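K.L.:
Quick check, what structure comes out for this input:
(3 chains)
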Amino acid sequence: MIHRNKLVLGDKDLKDITEDICAPIEAYPSKGWLGLLTGALSIFIFYVIILGIVIDKGMGLLGVNHPNAWGTMIVTFVFWIGIGHAGTLISAILFLFRQKWRTSVARTAEAMTVFAVMTAGLFPLLHTGRPWLDYWLFPYPNQRGPLWVNFRSPLLWDVFAVSTYATVSMVFWYIGLVPDFATIKDRAKNKIRRAVYGALSLGWRGTAKNWSHYEMLYLLLAGLSTPLVLSVHTIVSFDFAVAGLPGWHTTIFPPYFVAGAVFSGFAMVVTLMSLVRIGIPEFKNYITLDHMEVMNKIIMTTGLMVGYAYGSEFFIAWYSGNPYEKYVFFVSRAFGPYAWAYWTMITCNVLIPQVFWFKKARRSIPIMFVVSIFVNIGMWFERFVITITSLSRDFLPANWGNYPWTFYDGAILFGSFGMFLTFFLLYLRFFPAISIAEIKPVLPVGRESKGVH
Amino acid sequence: MSENNHHDHDHTQIERNNTHWLTLEHYNNDPEFMKKAETEFQSSPLREGESENENESGWARREFLKLMGASLAMSAAGCIRRPIQKIVPYNKQPEEVTLGEANYYTSSYFDGNEGIGVLVKTREGRPIKIEGNPKFPLNRGGVSVRAQASILSLYDPERLQGPKYNIFNEKRSNKDTVGIKWDALDDKVVAQLKKGSAVVLTGNIASPSTRAVVSDFAQAFKADHVSWEPMANEEIREGQKACYGEAVVPQYHFDKAKIIVSIDADFLGTWLSPTTFTAQFGAGRRDPKKTSKLVSFDSTYSLTGANADIRFKIKPSQQLDVVMGLINALVVNKGISSYANNEKFKDSLISYANTAQKLGIEPALFAKVATDLWENKGQSLVVAGGLQTLTSRAHELQIAVNFLNSLLENEGKTVDGKNGNPGLKASYSGLERLIKDMSAGKVKTLIIHRVNPAYSTPKEAGFIEALKKVDMIVYTGDRIDETGDHATYMAPDNHPLETWGDAEFAKDVFAIQQPAIRPMYDTRSFELSLMTWAYLANVGPKRLITFETYYDYLRNFWKEEIQPKVAKSKVFENFWSEVLQNGYVGDFDKTSSPRSFKSEAFSFIKPASSSTGFELALYPTIQNGDGSSANNSWQQELPDPVTKIVWDNYVCVSIATAEKHHLKESTLVELKAGDKKVELPVHIQPGLHDEVLAVAVGYGRTKAGKVANGVGQNMYEFAGFNGGPVFAGQAVSLTKTSKKYNLACVAGNNSMEGRLIVAETTLKDYMKNEHAGVRRHKTWSIWSGHQYNGHKWGMSVDLNTCTGCSACMTACQSENNITVVGKTYVLQGREMHWMRVDRYYVGNPADALAVFQPVMCQHCDNAPCETVCPVLATVHSDEGLNEMVYNRCVGTRYCSNNCPYKVRRFNWFNYAKLIEKPMHMALNPDVTVRTRGVMEKCTFCVHKIKEAKNQAKLQDRKLKDGDVKTACQTACPTQAIIFGDLNDPESQVAKIFKDEPRSYALLEEWNAAPSVRYLSKVRNNDKETIDAEKGGH
Amino acid sequence: MHRVFRTFAAVGLLALSLTGCKFQPGWGYNEGYAPEQPLPFSHETHVTKNQIQCQYCHNQVERSRHSNIPALSTCMNCHLQVKTDSPYIQKLREAYDKGGSIEWVRVHMLPDFVAFNHSAHIAKGVNCQTCHGEVEKMAKIIQIQDLSMGWCINCHRQPEYKAPLNCTTCHH
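P.N.:
Below you'll find the predicted structure:
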């Protein structure tokens, strides 16, 4: 039988695992963590203030204009939604495929998903002209006849897709956490911890019955969230693909967006994991270089897919002979006023990930960290390019106009990271960042030769 | 909750309401709360109507922000309390007012040069819109941008609310403005007038009765009357005098001309009566097969040049050469007319022999123009005039033009000097004399009416210095503006909409001006002021001092002076009510006869001279005119029809010049002429002569008010003034600065990028194939489409008659309560116009031609906006309208993204808040004022459709074609826009949709199936195919 | 663990009750609104007792979108003779002579973005009573319908009325 590398290094036994994973939660928070949190939190607060001003004064504070009716908020929304995908993919799909290596990264990846979706979810709601009326986007009985929503509108599909995705991934994540919460509760020394984690663990007893229910539920949820990985970004891509704009109205968008999402998602996972490894050295034994390497392989693969998509767009534009399409791609995007954004995107998403052809690069934390950052940047620009280049140069030249980027655009993009990081840091501190319950069964992997059982 | 939650007996009586209490505070009649409850929502459209008159409370009623706030609350929060509103009925029911129904009053509008007949639309006694009077023989229903915008100046919050007294210090360098009572002012003025040597300075006076009042007054006080306008037409009158003996501004008939040659006379934009001329021009082009030909020699890129079939770029100093060149081509080269064998005459032409080369025009082309003129003699028209022609040789130019017209036998046919426009008497020579007298201290009292010389006279004229030597200056302006700043007394005149008046825009064609609203403030008409002063001094003719009001004077004048001329037989009362009904009396299309040309006049013309280097060309703009009404946001935010720039004036330079001097759009440059300097941003203008620097006048107001102050630079100061004004041909130097000044341009791109957007063809091609220039597409859909069983509304826009004058944009703005957003936001692409006029350049950039295309919501049958709105805020009606429901819109803006025509506008901020009292009175109650965060767009004036349908129903008849006219349609001087029911086979628009070969849909291949179709433009330029691939630059 | 679930339940209920008002018909509308008027004008007296037609006072209702509240001059047509001793009529008389008016409290009110047209409905033969209730029996005007959009639509939907259902029928 083929030899497999250990999934857990440093000859841990079951106790060590519990110890290691609970350590960050039980120990007094480190200076580093506090520092990071203050930073993230202040950005978050700044973000909230900015959003407050925008809601008070109006969308006009951002660069959105005529013809670019969508801008930073939608771009960033798609960006964060995309980030989310890796989490569900790792936790659900890899789970169904029985990929044991996923266990140590799954929890954090899922957390990332949840927070990313939370961050993203705000944008479509806040970017409307009258956010206080957003509830009209949901079908509910009313006195206007009644007046229903427009089920033909991709935006409405979005509402359902995103909310479903948010709910399912949140439940999925929480269910996974239940046994670990119980563990922490049992280890807890003081009353409050007991009470809190007790409540969170929903009275988990660890009985065989509990476990069998748990396993079944987890499996079901995994099955449930798998299609979501594909559906969400497919539907998000419909926002563009269903519209008639040159550069938007293309059938390749769904797969292209999903690939892009997984691409950016894994990049974000790599970014965060490298940080976690630095922040909590003990975790190096659980989140090993092998893990990172696998993810880098995925990044490169999906990167190539995205690159292929870029290429095919051009081909189709030329092949269709549609003058508006042709203009958008061959003039506007590649050489127009937003060429800089376009080529940034190409560099970050297609060229840079190619370093992962080399094993050295795949296994070097600094390199993969840098690359993952670039990919994140590149993917934001991808959405920017799609949104703005098509809107700013569409059918009637008399309408053309550039996107007047304002302070608020920057502030909102920047602030959203504050929100995300704040949640993520709190998560690292208060939740077990690696699934204790799931890591233990995979302990033997790679140790078969020694026959430990 | 409040302290005293036990019964407060003062209130229990009145406000206690057990059946329905709103909050505990209310239940317990907390006085604080009661006050709030009553005052919070005082406004209501109904009370609007019920109010007795336009008094303070009257205005308070339509606080739109609050209303919208209310509506918001209504639709947003579920659990709200009812706002308490009051209904205040009339004390006595006025006869003519039906609440909620509009009344129209015939009236007339005069801006100093142009005069048109208008209809004033009022609601519950408030003028809300100005439309053209379809019966009026000049403008034929068309209306100008500024005429429509004048409704805003009525409600301008910065108008003077009563007479004022400026107390000056010794050197008149500083002043203190105090209010004063009319009678106090009258006493002072009369006392001063009695000292004698008074002068009345006015602009052109179109009103015969006002002319009478002024002359009576002059007679009474032995005063002089000087008439001057910044855009005076002295050169034309003097030219006419020299050639035909009578100093008059003739009537021109562009509809009777088969070929029109304009030498810098922007008759479609700003020269004399553009609206009337545009109407005539349109009539001459409606049928492409019989279309007239317009050849333009253009030194600025004027609207006339933009509409020319053949446009030649020249510089001002070449205007005379052009005309003489044509004369030479006819007389010498073709040996036409008796002059052909007059050697002396021929000699005088020698220096003009090779004009074509001099102008850099292909000689054949130039010769062709001459030939065309001759072949259409008696049906051709050569015009020159306006600021752009006020060079040092303006007089010679006019003589040459007159000669050419006489030569071509146009005299008495297309040029009618016998029925000229008696109103236009203003002259710079008069002003010059006045300034001399003032500086000599010969003027004790100066009464200034309807002109603003302190702003619009050339610096060199030294008007202001002279003004300081006058003891008392009485100014009738509606604000303390540049001139009011020097006036001793402000005796504010009524707004034209507040006062009676009349006008004579053509000989023996008399128009009436009716007041549509009681004077809003303590103002008094200029005429009544003069009458009062004469009365108090008890001097002057009887009629001047007997009548108590100007209205009585006017009626008497009409009875004694006017009726005998036009309708002797009638009973005056009937005659009078007829006049009020029609808005005018008299016959415009009188037959005329040629006047003989005094050949000696020709000797004035000196041999050709030539100059090099930059020449300045100053021109007025359509939107701002001479700048007198500049404090008007509709005018300022209306894109210039050609450059599409708003809120500024700028130096237009040619592309070559820009490259030569490394200038970019909106680089700041410094213009210098002698000791005069000015810094202006650059606008790179295709098709401009390389040695021309063109700048608009009418900007750079300093004391006009919030809107106009500091917008652009005042170029009047820059004009020359040595023995007559020099607005063109002045030698200037241009130096680049390192600074930049952003110009707000609404045109995203100047070129069509090779797309078929404005279909255009040449007359030759059109004669061969009526579909020429239009690309047809086979579109199909798997969907059967909407069914329209009742009406199906549609619109057609004729690009061949559309001149791009933009009157439709203002009409739409006025009809639909469209807000202005200001320069900052236009720069960000936030302009709100529902209807825009796109302008593209075609042909090679160096001498680009222009095309115009009005674009409003196309009301597509397969509307892309409808499918994507998540809340069904934009839906399709069963009459083919694409409906926009503001109160349902949450503002995702997806519809705008998905609209291929990008005709939707979004309320990025709460613009309604910007509507300052009493401006809100100009709002149309039939159209919701949009709140922040909702999308808006052209509705095909659905409220008018509803109104018409309702009227038809009440009269129990079917709706007939023409019952519904959209705002843009009524305003269009050339009737390029036609609206109607496509399901009614007899309707005009249905016929066009069915069998007009020129008609095409915008972006037809995209298959949005618009309900708007355009008719291709036919260029009558003798070419086989339209030159150059629509490339532009 | 039950403690836990109770908390959840409580939170859930609270949330529901907060949003609740959106879902219950009648909220935010003013059915049954009947404010005190400056003068106790009784339609009952005028219409039922004295047999005055609606259109005598609301004389523009047939040709205008608005049903006008009569001018004081209209009241005075009768009240110069009738009931001149009543303090209320004296108050009215006073206002009339001073050229003033009476500030009635508005009962039936639609939001500013709703364009309702009385004349169109009258022309279609809709009685005043259909929307305003049996005014002739009212001593004091009271709003009997909620005037919600749903309520309007209900009639417009009836095929026999052939009423338009476009959004722009009321909103523009």
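
K.L.:
So residue B:295: helix, strand or coil?
P.N.:
Recorded secondary structure, residue B:295: strand (DSSP: H, G, I helix; E, B strand; the rest coil).

K.L.:
So it is in contact with residue B:309, correct?
P.N.:
Yes: shown here, residue B:295 and residue B:309 form a contact pair, counting by C-beta atoms under 8 Å, at 6.8 Å. For the C-beta atoms, the positions are set from N, CA and C on the backbone; glycine is no exception.

K.L.:
Quick check: bridge partners of residue B:506?
P.N.:
residue B:509 (DSSP bridges).

K.L.:
Surely it is in contact with residue B:423?
P.N.:
No: contact criterion C-beta under 8 Å: residue B:506 and residue B:423 do not qualify, at 9.0 Å.

K.L.:
Excluding sequence neighbours, find me the nearest residue to residue B:832.
P.N.:
Among residues not flanking residue B:832 along the chain, residue B:905 sits closest, at 4.8 Å (C-beta to C-beta, 6 or more residues apart in numbering or on different chains).

K.L.:
Apologies, that question was intended for residue B:626.
P.N.:
Per C-beta to C-beta, 6+ apart, closest to residue B:626 is residue B:230, 4.6 Å.

K.L.:
Next, the contact list for the residue of chain A at minimum distance from chain B, please.
P.N.:
Taking C-beta to the nearest C-beta, chain B has its nearest neighbour within chain A at residue A:129, 2.1 Å off. Contacts here follow C-beta atoms under 8 Å, 6 or more residues apart in numbering or on different chains; on that basis residue A:129 touches A:58-59, B:889-893, B:906-907, B:932-935.

K.L.:
So which of these are in strands?
P.N.:
B:906, B:935 (DSSP state E).

K.L.:
Pull the number of nearby residues for the residue in chain A positioned nearest to chain C.
P.N.:
As assessed by C-beta to the nearest C-beta, chain C sits closest to residue A:203 within chain A, at 3.5 Å. Using other C-beta atoms under 10 Å in any protein chain shown, residue A:203 has 15 other residues around it.

K.L.:
Check for me that residue B:833 belongs to a helix.
P.N.:
No: Residue B:833: not assigned to a helix; according to three-state DSSP it is coil.

K.L.:
The residue nearest to residue B:832 against residue B:938, yeah?
P.N.:
No: if you go by C-beta under 8 Å, residue B:905 and residue B:938 don't touch, sitting 9.4 Å apart.

K.L.:
Overlap of the contact sets of those two?
P.N.:
Joint contacts of residue B:905 and residue B:938 (C-beta under 8 Å, 6+ apart) are residue B:834.

K.L.:
Between these two, tell me which one has more neighbours.
P.N.:
residue B:938 (27 against 23).

K.L.:
Against chain A, how distant is the more buried one?
P.N.:
As for residue B:938, its distance to chain A is 14 Å (criterion: C-beta to the nearest C-beta, to the nearest Å).

K.L.:
Chain C contacts on the stretch 151-300 of chain A?
P.N.:
Taking C-beta under 8 Å from any C-beta of the partner chain as the criterion, the stretch 151-300 of chain A approaches chain C at residues A:199, A:202, A:203.

K.L.:
Over to the last one: give its phi and psi.
P.N.:
The one in question is residue A:203. Per-residue torsions, residue A:203: phi 60, psi 40 (degrees, to the nearest 10).

K.L.:
Can you pull out the residues in contact with stretch A:54-61?
P.N.:
For stretch A:54-61, using C-beta under 8 Å, 6+ apart, the contacting residues are A:53, A:62, A:126-127, A:129, A:131, A:406, A:408, A:412, B:825, B:830, B:891, B:906-910, B:932-933.

K.L.:
what's the answer for stretch B:672-680, then?
P.N.:
Against stretch B:672-680 from outside (C-beta under 8 Å, 6+ apart): B:459, B:616, B:649-651, B:668-671, B:695, B:712-713, B:715, B:717-718, B:720, B:730-735, B:737, B:739.

K.L.:
immediately after the helix or strand hosting residue A:39, which helix or strand?
P.N.:
Using DSSP states H and E, residue A:39 falls within helix A:31-57. The helix or strand immediately downstream of helix A:31-57 is helix A:72-88, counting by DSSP H and E.

K.L.:
which regions of the chain sit below the pLDDT cut-off?
P.N.:
With no chain named, the answer covers chain A. Residue ranges of chain A with pLDDT under 70: A:1-3, A:445-453.

K.L.:
sorry, should have said chain C
P.N.:
Looking at chain C by pLDDT under 70, you get C:1-28.

K.L.:
could you show me where the helices are in it, in order?
P.N.:
C:2-23, C:43, C:54-57, C:72-79, C:87-97, C:118-123, C:128-132, C:149-157 (DSSP state H).

K.L.:
Run through who's touching the shortest one.
P.N.:
Translated: helix C:43. Applying C-beta under 8 Å, 6+ apart, the contact partners of helix C:43 are C:135, C:136, C:137, C:138, C:139, C:141.

K.L.:
same check, this time on the third one
P.N.:
Helix C:54-57 is contacted from outside by C:46, C:47, C:61, C:62, C:70, C:74, C:75, C:128, C:135, using C-beta under 8 Å, 6+ apart.

K.L.:
Now do residue A:235 against residue A:285, distance only.
P.N.:
To residue A:285, residue A:235 is 40 Å away according to C-beta to C-beta, to the nearest Å.

K.L.:
How about residue A:411?
P.N.:
Distance from residue A:411 to residue A:285, by C-beta to C-beta: 40 Å.

K.L.:
okay, now residue B:590: neighbour count?
P.N.:
Neighbours around residue B:590, by other C-beta under 10 Å: 14.

K.L.:
Please tell me I have it right and it contacts residue B:420.
P.N.:
No: assessed by C-beta under 8 Å, residue B:590 is found out of contact with residue B:420, at 11.5 Å.

K.L.:
Pull out the buried residues from stretch A:301-311.
P.N.:
Counting neighbours by 16 or more other C-beta atoms under 10 Å in any protein chain shown, one finds that the buried residues in stretch A:301-311 are A:301, A:302, A:303, A:304, A:305, A:306, A:307, A:309, A:310.

K.L.:
Identify the residue spatially nearest to the residue nearest to the spatial centre of chain C, adjacent ones excluded.
P.N.:
What sits nearest the mean C-alpha location of chain C, by C-alpha atoms, centre = their mean, is residue C:108, with 2.3 Å. Nearest residue to residue C:108, sequence neighbours excluded (C-beta to C-beta, 6+ apart): residue C:143, at 5.8 Å.

K.L.:
Flag every buried residue along stretch B:765-783.
P.N.:
In stretch B:765-783, counting by 16+ other C-beta under 10 Å, buried: B:765, B:766, B:770, B:771, B:772, B:773, B:774.
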